[in-house]
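Chemist: From the sequence below, what's the structure:
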Amino acid sequence: MAASFLCRTHILRPCLILFRTVFTVGMDPMGSAFGRSPLEGLHFDNVALKKLPLDPSQEPGVRIVKGACFSRVQPQPLKNPTFVAVSEPALALLGLNAEEVLRDTLGPEYLSGSKLMPGSEPAAHCYCGHQFGHFAGQLGDGAACYLGEVKAPADQSVDLRNENPSGRWEIQVKGAGLTPYSRQADGRKVLRSSIREFLCSEAMFALGVPSTRAGSVVTSDLRVSRDILYDGHPRLERCSAVLRIAPTFIRFGSFEIFKSMDDLTGRQGPSVGRDDIRAQLLDYVIETFYPEIQQAHEDRAERNAAFFREVTVRTARLVALWQCVGFCHGVLNTDNMSIVGVTLDYGPFGFMDRFDPDFVCNSSDSSGRYTYQAQPAICRWNLARLAEALGPELSAQSVKAVLDEYLPLYNAFYLGNMRRKLGLLRKQEPEDEALITDLLQTMHNTGADFTNTFRCLSQVPCPSGEEAQEEEALGRSVDLFMEQCSTLEELKETNKPTMDHRELVMVLSLAQSNPALFQMLADQKGVSKQLERLARLKELVDTNQDDLRAKQREDWSRWVKQYRKRLARELDGQSDPRRVEEERVIAMDTANPRVVLRNYIAQNAIEAAETGDFSEVRRVLKVLEKPFSAQPGLERPGRARLAGDGQEVGATEEGAQEEAGPAPRRFDVPYDGKPPLSACGISVS
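Modeler: Numbering: from 1, shown residues only. As a prediction, this is how the structure comes out:
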């Protein structure tokens with residue numbers, strides 16, 4: 001009897017264990033069929049920490065880090081982290097399913113650094129940089145935290161394998177707390193800046209511009225104080241974090257940790273004199289991310305020169321793409337330039353609305369160093385600083401030869417991109433460059449919207465040869481561009497001098513009291529630009545809306561006639577003009593986006609999110625993922641969280657936390673519409 005009971009107990013015990021396991025899995029709060037977070041299955045292989053020197057110190061707090069490329073850190077958890085949004089294509093780089101990640105209750109913790117994934121080795125990268133033209137010494141990851149390198153899925157596309165030959169994706173969290181490089185900051189990022197970085201990273205990828213990627217943005221109940229406008233009125237904002245993904249986050253400034261004392265600032269890199277580490281870092285970068293160069297050159301000097309040339313080519317291609325979509329980086333310091341030629345670090349950035357070569361997107365850039373038109377030259381300047389940082393690894397002769405190639409390379413990339421945007425696909429004619437320059441000048445004179453004007457170009461027909469039809473086609477084409485022009489009031493507002501009023505009055509008074517000194521000041525770039533704006537404003541004050549419209553129509557009529565003549569030459573010798581026209585329109589509509597991340601679009605999403613409604617962030621992400629296509633049902637911002645105009649406020653999404661406070665501003669403009677004048681007042685720093 002006892003033996004029989006023991007036997008039954010022995011049989012029942014595994015059944016009980018099995019039942020308990022099944023029951024536990026069924027009730028698992030993570031919602032996984034196996035009770036496991038999908039993020040716990042990522043395969044980490046943190047090669048950078050194995051091949052590059054690590055700071056041995058565990059000393060807390062900010063410090064100078066010598067003789068190391070990375071420092072181990074411990075991310076600081078967020079309070080009640082929650083997803084704002086995730087990017088399906090970015091997470092797919094890591095072999096993750098976005099829906100599974102969203103359902104995973106541990107997802108916000110893992111992707112904000114609040115909880116470490118198995119295999120993750122958190123660290124912060126040490127680098128220096130030239131900021132606004134001056135060497136700043138040690139900078140480093142003051143808010144970003146390297147989590148590790150995740151092996152790419154086996155089925156990743158050939159294009160992605162070519163883009164990232166290492167077979168691993170570095171992932172980092174931006175906003176994870178203090179590191180040895182945080183300086184006077186707290187290592188935190190807030191919701192508005194995190195949303196902007198998340199959306200722009202994915203927008204740039206969809207536009208075909210090489211970029212770091214953003215897998216998710218997480219916010220929390222933890223708050224920090226920020227003085228947004230630097231006006232002495234700080235407010236509490238939610239701490240948030242972005243998961244960033246790239247082949248590597250090594251940058252030009254990574255090599256500047258070896259820089260000797262700077263003559264102007266008196267600062268030097270923390271690892272000055274460590275040529276052994278510089279060689280180690282250079283070998284790692286070339287072997288890992290430029291294996292074709294490593295394999296092609298046995299001679300080290302030739303290899304290094306080929307590497308520097310390839311970085312130059314990629315940089316020239318990148319900035320040409322920026323110029324062609326109207327993107328302005330805002331902080332093109334050497335520490336924000338990627339060593340693999342992708343757009344890195346989305347702090348203050350902006351897509352131009354009305355075309356302005358002097359467009360500045362960073363309200364902190366009072367000198368106008370990083371204007372839209374300055375970007376190509378600034379990138380060359382930064383390449384020269386990289387060459388200096390590589391020191392004896394490059395010969396002066398090879399550096400000069402490569403830098404001399406930069407401008408022709410940039411011009412070739414830019415002109416090729418612009419020809420596609422104008423539909424000049426079959427012939428390359430000498431006057432094309434003048435046609436493009438005239439287009440931009442006409443846009444500037446008329447205050448035309450940059451993105452929408454290019455989008456309209458595909459609707460301009462080739463000449464038919466029949467005079468009656470020609471006049472009608474010309475009129476319809478000009479009408480398209482007139483819709484994108486600024487009004488008189490808009491032009492007055494956008495041409496107001498940006499210099500402090502008192503400084504401007506002083507400069508103008510010198511014109512009468514001390515003409516010689518005035519001439520010296522007027523020759524300075526910043527002052528001369530202000531005087532140009534003032535002169536343009538005076539012209540506008542002396543005109544009226546009807547005269548302005550007549551002048552705008554005249555300008556556009558002149559350019560459209562030139563453009564259509566050039567289009568006609570595309571048809572020379574073609575047996576099927578209609579097919580050629582159809583191909584041209586398709587090519588142009590895949591080169592000229594319908595939607596870019598304008599400031600007012602981002603602001604709508606941010607201000608809704610700050611009330612706890614994340615639906616507009618997710619809606620904008622969907623629109624930006626297909627920037628060249630019309631998306632029925634997604635033409636305008638969502639109806640939730642309308643600015644206090646008496647209309648009903650939409651419900652927040654499930655799990656969103658409502659906050660008290662004033663209703664957000666609302667720019668109720670189609671995503672592909674011409675922004676209102678009030679959108680110019682959005683300040684980004």
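Chemist: So which residues make contact with the host helix or strand of residue 161?
Modeler: Element membership for residue 161, per DSSP states H and E: helix 158-163. Applying Cβ atoms under 8 Å, 6 or more residues apart in numbering, the external contacts of helix 158-163 come out as 93, 152, 167, 210, 247. No exception for glycine: its C-beta is placed from N, CA and C like everyone else's.
Chemist: which one of the residues you listed has the most neighbours?
Modeler: Within those, residue 247 tops the neighbour count with 23 neighbours, counted by other Cβ atoms under 10 Å.
Chemist: Local confidence estimate at it?
Modeler: Predicted confidence (pLDDT) for residue 247: 98.
Chemist: Leaving out the residues flanking it, which one is nearest to it?
Modeler: Among residues not flanking residue 247 along the chain, residue 164 sits closest, at 4.1 Å (Cβ to Cβ, 6 or more residues apart in numbering).
Chemist: same deal with residue 70?
Modeler: For residue 70, ignoring the flanking residues on the chain, the nearest one in space by Cβ to Cβ, 6+ apart is residue 123 at 4.4 Å.
Chemist: One more: residue 51?
Modeler: Using Cβ to Cβ, 6+ apart, the nearest residue to residue 51 is residue 284, at 5.0 Å.
Chemist: List the buried residues of the helix or strand hosting that neighbour.
Modeler: When elements are assigned from DSSP H and E, residue 284 belongs to helix 275-289. Of all the residues in helix 275-289, those buried under the rule 16 or more other Cβ atoms under 10 Å are 277, 278, 279, 281, 282, 283, 284, 285, 286, 288, 289.
Chemist: Closest one of those residues to residue 66?
Modeler: Proximity of the buried residues of helix 275-289 to residue 66, judged by Cβ to Cβ, is greatest for residue 277, which lies at 9.9 Å.
Chemist: and the closest one, what is it in contact with?
Modeler: Residue 277 sits next to 53, 67, 69, 258, 271 when contact means Cβ under 8 Å, 6+ apart.
Chemist: Pretty sure the third one sits against residue 125.
Modeler: Yes: counting by Cβ atoms under 8 Å, residue 69 does reach residue 125; the two are 6.8 Å apart.
Chemist: between the two, what contacts are shared?
Modeler: By Cβ under 8 Å, 6+ apart, the residues touching both residue 69 and residue 125 are residue 254.
Chemist: helices or strands up against the helix or strand encompassing residue 129?
Modeler: For residue 129, the host element (DSSP H and E) is strand 128-131. With contacts defined as 3 or more Cβ pairs under 8 Å, 6 or more residues apart in numbering; DSSP states H and E, strand 128-131 has these neighbours: strand 134-138.
Chemist: And the average pLDDT for the strand it packs on is what?
Modeler: Rounded mean pLDDT across strand 134-138 is 98.
Chemist: helices or strands next to it in the packing?
Modeler: Counting by 3+ Cβ pairs under 8 Å, 6+ apart, strand 134-138 packs on strand 128-131.
Chemist: Looks to me like residue 222 is in a strand.
Modeler: Yes: assessed by DSSP: H, G, I helix; E, B strand; the rest coil, residue 222 belongs to a strand.
Chemist: circling back: now the residue nearest to residue 70: how far from residue 387?
Modeler: 28 Å (Cβ to Cβ, to the nearest Å).
Chemist: Kindly report the same for residue 181.
Modeler: For residue 181 relative to residue 387 (Cβ to Cβ), the value is 24 Å.
Chemist: Then residue 268?
Modeler: Going from residue 268 to residue 387 by Cβ to Cβ gives 18 Å.
Chemist: Compare neighbour counts for these two and give me the winner.
Modeler: A direct count of neighbours by other Cβ under 10 Å for residue 268 and residue 387 places residue 387 higher, at 22 against 19.
Chemist: can you count the residues close to the closest residue to the more buried one other than its chain neighbours?
Modeler: Closest residue to residue 387 apart from its sequence neighbours, by Cβ to Cβ, 6+ apart: residue 399 at 4.4 Å. By other Cβ under 10 Å, 20 other residues sit near residue 399.
Chemist: Quick one: distance of stretch 499-510 to the chain centre.
Modeler: Centroid separation between stretch 499-510 and its chain, computed with Cα atoms, centre = their mean, to the nearest Å, is 36 Å.
Chemist: Return the set of buried residues in that stretch.
Modeler: Buried-residue list, stretch 499-510, by 16+ other Cβ under 10 Å: 499, 504, 507, 510.
Chemist: Export these to a markdown table and append columns for pLDDT, distance to residue 589 and secondary structure.
Modeler: A markdown table is the format used below for the buried residues of stretch 499-510 (pLDDT from 0 to 100; distance: Cβ to Cβ, whole Å; DSSP: H, G, I helix; E, B strand; the rest coil):
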| residue | pLDDT | distance to residue 589 | secondary structure |
| --- | --- | --- | --- |
| 499 | 73 | 41 | coil |
| 504 | 71 | 44 | helix |
| 507 | 71 | 47 | helix |
| 510 | 72 | 52 | helix |
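Chemist: Now flag whichever of these is closest to residue 683.
Modeler: Of the buried residues of stretch 499-510, the one sitting nearest to residue 683 (Cβ to Cβ) turns out to be residue 499, at 16.7 Å.
Chemist: Now do the strands in the chain.
Modeler: 54-55, 70-72, 82-86, 123-125, 128-131, 134-138, 144-151, 168-174, 189-190, 213-226, 235-246, 327-328, 350-351 (DSSP state E).
Chemist: Which among the ones you listed is found nearest to residue 609?
Modeler: Closest among those, using Cβ to Cβ: strand 82-86, at 6.1 Å.
Chemist: the helices in the stretch 301-450 of the chain, which residues?
Modeler: 375-390, 396-422, 432-446, 450-456 (DSSP state H, counting those that start in this stretch).
Chemist: before we move on, the earlier item: quick one: work out the angle between the helix holding residue 284 and helix 375-390.
Modeler: Taking axes from the mean of the first three to the mean of the last three Cα atoms, to 10 degrees, one finds helix 275-289 and helix 375-390 inclined to each other by 130 degrees.
Chemist: What is the nearest of the buried residues of stretch 499-510 to residue 534?
Modeler: residue 504 (7.5 Å).
Chemist: Surely the closest one is in contact with residue 498?
Modeler: No: counting by Cβ under 8 Å, no contact exists between residue 504 and residue 498, whose distance comes to 9.4 Å.
Chemist: who touches both of these two?
Modeler: What both residue 504 and residue 498 touch, as defined by Cβ under 8 Å, 6+ apart, is the set residue 530.
Chemist: Residue 219 touches residue 240, doesn't it?
Modeler: Yes: the pair residue 219 / residue 240 is scored as a contact, 4.2 Å apart, by Cβ under 8 Å.
Chemist: what residues are shared contacts of the two?
Modeler: Residues touching both residue 219 and residue 240 (Cβ under 8 Å, 6+ apart): 84, 191, 194.
Chemist: just the residues you listed now: which is nearest residue 333?
Modeler: Using Cβ to Cβ, these come closest to residue 333 at residue 194, 20.5 Å.
Chemist: so who does that closest one touch?
Modeler: 84, 174, 175, 217, 219, 240, 241, 242.
Chemist: Hmm, the second one is touching residue 244, no?
Modeler: It stands for residue 174. Yes: counting by Cβ under 8 Å, residue 244 is a contact partner of residue 174 at 5.7 Å.
Chemist: show me where pLDDT drops low in this protein?
Modeler: 1-35, 518, 521-523, 525, 639-665, 685 (pLDDT under 70).
Chemist: switch the cut-off to 50
Modeler: Along the chain, segments meeting pLDDT under 50 span 1-34, 640-662.
Chemist: quick revisit: could you check how far the residue nearest to residue 70 is from residue 188?
Modeler: Distance of residue 123 to residue 188, given as Cβ to Cβ: 18 Å.
Chemist: export the contacts of residue 194 to CSV and tack on neighbour count?
Modeler: Output for these, formatted as CSV (neighbours: other Cβ atoms under 10 Å):
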residue, neighbour count
84, 23
174, 26
175, 31
217, 31
219, 29
240, 28
241, 31
242, 28
